[in-house]
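[1] fold the following.
(4 chains)
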Number of protein chains: 2
Amino acid sequence: MGRVQRFSGMAVTVDVVVLTIRDDELQVLLVERGVEPFRGRLALPGGFIRAEEDAEPAARRELAEETALGGESLYLEQLRTFAAPHRDPRGRVVTVAYLAIAPDLPVPVGGTDARAARWQPVWSVLSRDVELAFDHAGIVEHGVDRARSKLEYTTLATAFCPEVFTMTELRRVYEVVWGVSIDARNFHRKVTNADDFLEPTGERRVLETGRPAALYRRGPARTLFPPMLRTAFPPVLPSDPDS
Amino acid sequence: MGRVQRFSGMAVTVDVVVLTIRDDELQVLLVERGVEPFRGRLALPGGFIRAEEDAEPAARRELAEETALGGESLYLEQLRTFAAPHRDPRGRVVTVAYLAIAPDLPVPVGGTDARAARWQPVWSVLSRDVELAFDHAGIVEHGVDRARSKLEYTTLATAFCPEVFTMTELRRVYEVVWGVSIDARNFHRKVTNADDFLEPTGERRVLETGRPAALYRRGPARTLFPPMLRTAFPPVLPSDPDS
DNA sequence: TCAAAAGTGTTTAACTTACACCCATGT
DNA sequence: ACATGGGTGTAAGTTAAACACTTTTGA
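    Presented below is the predicted three-dimensional model:
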């Protein structure tokens, strides 16, 4: 019984689509490549899986190394594997893509590694205004699609929020990720009625103006029932400053 | 710039969870392993991805080779990648798992290959009454979960049906996969109201008894709106013959 | 004429939507 | 006082569940 590698030795990497909401926009975390191929081009954080390492720990390790983003609190799920034969010019590289969701961070994430990590609005990637290395633009598309559809049936939206958050912050997640406008009053009722979605902390947050907002924490539920269907909300049209 | 393989040469395989409904049970297609390790044990159909081959074509090829199941009509989607370091005793093998859905076939599928392919009720695998090779039991669990949840929001149910089918056949898919009982009359209205889910063929099928049933074909819709929520249906309790 | 399966209509309850209205804070 | 955002109440419209009832076949 010989070693397995003689059948089909391939390099296996992980790549992570980290999404967050910054400046009322859905943004993705990218790193500038320091080596060929695609040196200087933006790419998803990621790298090779080690010999004794499972894929998810590899994704967390690469994220921590390249972007100083981490902790068990970071939401991470497997997205899809990309295995097209020539997706990497160096040879046969199969990548296991992950989706991570992070709250808006107080400071811009900086890599401990030499490479600079930066947030980029997803529209600039999806429109191909910003060209990514390899097939990473397609991977970002998959990640955004996944996040958009998971908001409907799961409690994923809370992963975009810090540990405690207001109803409005949660609502903005849906509005920004879907590009829709949602009635704040009905939204409030809907999510407070959904079992175990949110836990009231009892605290309130006082803003510059207006009534203080109650603060909530994620509840134990992972699925959202009843679901929040996208189809129920009107899309926000891009505003025309000349009209 | 050296060859990529020196970073992390791993074997990459595909494994396919093929589900169908036979004898009013959800069943999975398994093959008996002809070689070590796990010789004689049941396993998912699958095998190594070739050097110039993408993952999905590899899944279709292995399925055709081992189970004589194929055609572009077969529903196939990527499920998840399993990459635990010691999931295969031969060494480092990463597998990309696929989910396929097949209609109940007129004849039992036989492999053109020497290995015998057979259908096995999924409960026997999920309960571990039947022990599979490698981590394949866990992969089957993932496949069944995926199929169950996709019935809710997509038109996947039609993939379990032949090209033309009756309303009752479609309803049985939901009942068997979810283990619930569904009111035939409300189901009929619900699916006929959903846009592009079904196309009436105009034909009718006469059974042994009862009114002839209208025949339908899959419509172009891939998502189901409004969704068919599992929570709306009462579970079927296992019947007790002594009561 | 009966049994069995297909399909329609109707009642009632639940939920959603839109929006009037009240609340609590800073200025 | 008033502007601003937070939150509740409610009426109208929509959808879905339960089930009575009709249709169409074979025996």
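[2] where does chain A dip in pLDDT?
    Residues of chain A meeting the criterion pLDDT under 70: A:1-8, A:106-115, A:237-243.
[3] any idea how far DNA strand D is from A:Ser149?
    18 Å (Cβ to the nearest atom of the strand, to the nearest Å). To be clear about C-beta, it is placed using only N, CA and C from the backbone, and glycine gets the same treatment.
[4] what does A:Phe233 give?
    From A:Phe233 to DNA strand D the distance is 15 Å (Cβ to the nearest atom of the strand).
[5] chain A against DNA strand D: which residues are in contact?
    A:166-168, A:184-186, A:188-189, A:192, A:204, A:207, A:209-214 (Cβ under 7 Å from any atom of the strand).
[6] which parts of chain A are strands?
    A:9-22, A:25-32, A:42-43, A:46-48, A:75-82, A:93-101, A:117-121, A:164-166, A:198-205, A:213-218 (DSSP state E).
[7] what's around the closest residue to A:Glu77 other than its chain neighbours, how many residues?
    Spatial nearest neighbour of A:Glu77, excluding adjacent residues (Cβ to Cβ, 6 or more residues apart in numbering or on different chains): A:Leu99 at 5.4 Å. A:Leu99 has 25 neighbours, counted by other Cβ atoms under 10 Å in any protein chain shown.
[8] ok, A:Leu99 - contacts?
    A:16-17, A:19, A:76-79, A:143, A:146-147 (Cβ atoms under 8 Å, 6 or more residues apart in numbering or on different chains).
[9] what are the boundaries of the helices in chain A?
    A:5-8, A:55-67, A:122-126, A:136-153, A:167-178, A:184-193 (DSSP state H).
[10] what helices or strands is the last one leaning on?
    Contacts defined by 3 or more Cβ pairs under 8 Å, 6 or more residues apart in numbering or on different chains; DSSP states H and E place helix A:184-193 against helix A:167-178.
[11] flag every buried residue along the helix it packs on.
    Residues of helix A:167-178 classed as buried: A:167, A:169-178 (neighbour count, 16 or more other Cβ atoms under 10 Å in any protein chain shown).
[12] over to stretch A:47-64?
    A:47-49, A:53-56, A:58-64.
[13] can you say which of the strands of chain A is nearest to B:Asp88?
    strand A:9-22 (13.7 Å; Cβ to Cβ).
[14] and chain A, what are its domains?
    Using automatic domain parsing, the domains assigned to chain A come out as A:11-135, A:152-232.
[15] ok, which of these comes nearest DNA strand C?
    domain A:152-232 (3.2 Å; Cβ to the nearest atom of the strand).
[16] just to revisit the earlier point, redo the strands of chain A as a markdown table? Include distance to B:Leu69.
    Formatted as a markdown table, these follow (distance: least, Cβ to Cβ, whole Å):
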| stretch | distance to B:Leu69 |
| --- | --- |
| strand A:9-22 | 26 |
| strand A:25-32 | 39 |
| strand A:42-43 | 38 |
| strand A:46-48 | 35 |
| strand A:75-82 | 22 |
| strand A:93-101 | 25 |
| strand A:117-121 | 43 |
| strand A:164-166 | 49 |
| strand A:198-205 | 46 |
| strand A:213-218 | 43 |
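[17] most tightly packed of the ones you listed?
    strand A:93-101 (a mean of 26; mean count of other Cβ atoms under 10 Å in any protein chain shown).
[18] got the CA coordinates for that one in PDB?
    Extracted C-alpha coordinates of strand A:93-101, given in PDB (Å, rounded to 0.1, in the frame of the first residue of the first chain):
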ATOM      1  CA  VAL A  93      -4.000  24.600  -6.300                       C
ATOM      2  CA  VAL A  94      -7.400  23.700  -4.800                       C
ATOM      3  CA  THR A  95      -8.800  26.200  -2.400                       C
ATOM      4  CA  VAL A  96     -11.300  25.800   0.400                       C
ATOM      5  CA  ALA A  97     -13.100  29.200   0.700                       C
ATOM      6  CA  TYR A  98     -14.500  30.400   4.000                       C
ATOM      7  CA  LEU A  99     -16.900  33.200   4.900                       C
ATOM      8  CA  ALA A 100     -16.300  35.200   8.000                       C
ATOM      9  CA  ILE A 101     -18.400  38.000   9.400                       C
END
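[19] what's the end-to-end length of stretch A:119-134?
    One end of stretch A:119-134 sits 18 Å from the other (Cα to Cα, to the nearest Å).
[20] before we move on, back to that, got the helices of chain A as a markdown table, with distance to A:Arg222 columns?
    Shown next, in a markdown table, are these (distance: least, Cβ to Cβ, whole Å):
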| stretch | distance to A:Arg222 |
| --- | --- |
| helix A:5-8 | 36 |
| helix A:55-67 | 17 |
| helix A:122-126 | 24 |
| helix A:136-153 | 10 |
| helix A:167-178 | 16 |
| helix A:184-193 | 15 |
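[21] between the ones you listed, which one is closest to A:Gly91.
    helix A:5-8 (12.2 Å).
[22] isn't A:Leu42 right up against A:Phe134?
    No: with contact defined as Cβ atoms under 8 Å, A:Leu42 does not count as touching A:Phe134 (10.8 Å).
[23] about what we covered before: nearest to A:Thr223, of the contacts of A:Leu99?
    For those, the nearest to A:Thr223 is A:Glu77 (13.8 Å; Cβ to Cβ).
[24] my read: that closest one touches A:Ala97, true?
    No: A:Glu77 is beyond contact range of A:Ala97, at 10.3 Å (criterion: Cβ under 8 Å).
[25] could you list the contact residues of chain A toward DNA strand C?
    Close to DNA strand C, as judged by Cβ under 7 Å from any atom of the strand, chain A has residues A:183, A:185-186, A:189-190, A:204, A:206, A:208-212, A:226, A:232.
[26] quick check: bridge partners of the closest residue to A:Ala116 other than its chain neighbours?
    Closest residue to A:Ala116 apart from its sequence neighbours, by Cβ to Cβ, 6+ apart: A:Glu32 at 5.2 Å. Counting by DSSP bridges, A:Glu32 forms beta bridges with A:Leu42.
[27] contacts only, for A:Glu32.
    A:40-43, A:115-116, A:118.
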